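[1] Turn this into a model:
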Amino acid sequence: MKIAAVGPDGREIILAFLYPGDVFGELAVVDDHPRDHLAEAYEDAVVCAIDRALFLRIMRECPELGYQVTKLMGFRLRTFRNRVEELLYKSAHARVAHTLLDLAEQHSISDAQGVVIPLRLSQRDIANLVGLTRETVNFVLKDFRQQQLIETDRRRIRVKDRDGLSGIR
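    Just a heads-up that it's a prediction; the model follows:
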């Protein structure tokens with residue numbers, strides 16, 4: 001699932017990619033405000049929903065569930081705070097490198113030449129993740145390919161040198 005928002009300029013801002021077993025919409029449990037995020041299936045997906053009133057009742061009956069929801073919200077808050085700091089203080093190269101490393105760490109498939117990120121990401125998708133233009137992302141990815149840090153093939157990315165990407169500031 002792709003979780004996104006639409007910015008004031010109408011441009012999509014990708015907040016997260018979720019994978020089988022991930023939970024989303026947890027803020028709706030504790031907040032009555034209308035949702036302003038979009039959830040879009042990026043690949044075939046089965047989505048299960050639970051009624052808010054029922055979920056709240058279960059949380060009251062099972063404090064462990066409330067604890068786990070609180071932990072999840074704390075994790076998401078920390079993740080978004082880190083992304084904001086990255087957007088404010090890091091170079092375009094560092095933003096793209098860090099995002100590729102995060103995607104590789106969370107959801108990668110290892111092979112003999114490195115780690116494949118199993119998402120069909122376009123340059124526009126990466127740009128929307130890191131707050132850059134597609135053209136800037138194109139330039140950065142080309143630079144990473146020339147340095148043999150990554151390999152790209154039909155919207156698939158293979159991280160060939162994690163340490164090299166980690167060192168980019």
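[2] Give the partner strands of the worst-scoring helix or strand of the chain on mean pLDDT in its sheet and their orientations.
    Taking mean pLDDT, DSSP states H and E as the measure, the chain has strand 109-111 as its least confident helix or strand, at a mean of 80. Looking at strand 109-111 with DSSP bridges, its partner strands are strand 114-117 (antiparallel).
[3] Report the residue ranges of every domain in the chain.
    According to automatic domain parsing, the chain comprises the domains 2-88, 91-166.
[4] tell me the most buried of those?
    domain 91-166 (a mean of 17; mean count of other CB atoms under 10 Å). In this view, the C-beta of every residue, glycine as well, is placed from N, C-alpha and C.
[5] for that one, how far is the first residue from the last?
    Start and end residues of domain 91-166 are separated by 13 Å (CA to CA, to the nearest Å).
[6] for the residue lying closest to Leu129 once chain neighbours are set aside, helix, strand, or coil?
    Setting aside the residues directly before and after it, Leu129 is nearest to Ile14 in space (CB to CB, 6 or more residues apart in numbering), at 4.6 Å. Under DSSP: H, G, I helix; E, B strand; the rest coil, Ile14 falls in the strand class.
[7] Can you name the residues bridging to the nearest residue to His37 once chain neighbours are set aside?
    What sits nearest to His37 in space, not counting adjacent residues and going by CB to CB, 6+ apart, is Ala5, at 5.2 Å. Note on Ala5: beta-bridge partners by DSSP bridges are Ile13, His37.
[8] residues contacting Ala5?
    By CB atoms under 8 Å, 6 or more residues apart in numbering, the contact list for Ala5 reads 12-13, 15, 36-38.
[9] Please apply the same query to Ser108.
    Counted by CB under 8 Å, 6+ apart, Ser108 has contacts 115-118, 159.
[10] mean confidence score for the longest helix seen in the chain?
    Secondary structure of the chain per DSSP state H: the longest helix is helix 63-89. When pLDDT is averaged over helix 63-89, the result is 89.
[11] by contact count, what packs against that helix?
    When contacts are defined as 3 or more CB pairs under 8 Å, 6 or more residues apart in numbering; DSSP states H and E, helix 63-89 packs onto helix 27-30, helix 52-61, helix 92-107.
[12] swap the cut-off to 10 Å and go again
    Judged by 3 or more CB pairs under 10 Å, 6 or more residues apart in numbering; DSSP states H and E, helix 63-89 is in contact with strand 12-17, helix 27-30, helix 52-61, helix 92-107, helix 123-130.
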